[in-house]
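Novice: Got a predicted model here, sequence first, then my questions.
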Amino acid sequence: MKKLACLFVFLISTSIFAQRIDRKAVYTYSNDIEFTIYSLSKSRFVDRPNYKIIAEKGKRFVTMILNFKNKSSEAQIVDLETIYLVDKNDNLYPIDHFLKTGFRFTKSDRKQKIKANKKQKIIVQFAPGLPKKEKIIRLLIGEEVIELKYK
């Protein structure tokens, strides 16, 4: 019973003190495409098909679920090679791995086509690992730096 009470207190305290990404914040990818960050997480291990990657001691891999929305009446392209995570020292972390969600999870070309007036969720993982206590505050898309919003 003591363990259960301790676990309950731990879960409540982490949810109170943990900074959460604002899911309602809308960011601009281009004139026709906007996106939200559905989730942001850090982990020491990353599972890939047929193998597992372990971050260096004191480092964590960052995973985000990005929800893109095409606002135009024509198909648009999201180029994942133009998206980087930026740390406090202005180091860039590229997308190392991604999965497109939908009927099946698929990994294909880094240039993702989004149909007219449609949404697409893409899970992205950045590498190499960042220091585990560092707060993720910026993304670089093309030449524009975007400040992330937290609750």
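Specialist: Okay, I see it. Note that this is a predicted model, so its numbers are computed, not measured.
Novice: Roughly how far does the residue nearest the centre of the chain sit from residue 36?
Specialist: Taking CA atoms, centre = their mean, the centroid of the chain lies closest to residue 64, which sits 1.7 Å from it. Note on residue 64: its distance to residue 36, by CB to CB, to the nearest Å, is 11 Å. Backbone N, C-alpha and C define where each C-beta goes, glycine included.
Novice: how about the strands in this protein?
Specialist: 27-28, 33-43, 45-48, 51-54, 59-70, 76-79, 83-86, 92-100, 111-114, 119-131, 138-141, 144-147 (DSSP state E).
Novice: quick one: buried residues of the third one?
Specialist: The neighbour-count criterion (16 or more other CB atoms under 10 Å) identifies residue 46 as the buried residues of strand 45-48.
Novice: Run through the neighbouring helices and strands of it.
Specialist: Strand 45-48 is packed against strand 51-54, strand 59-70, with contacts defined by 3 or more CB pairs under 8 Å, 6 or more residues apart in numbering; DSSP states H and E.
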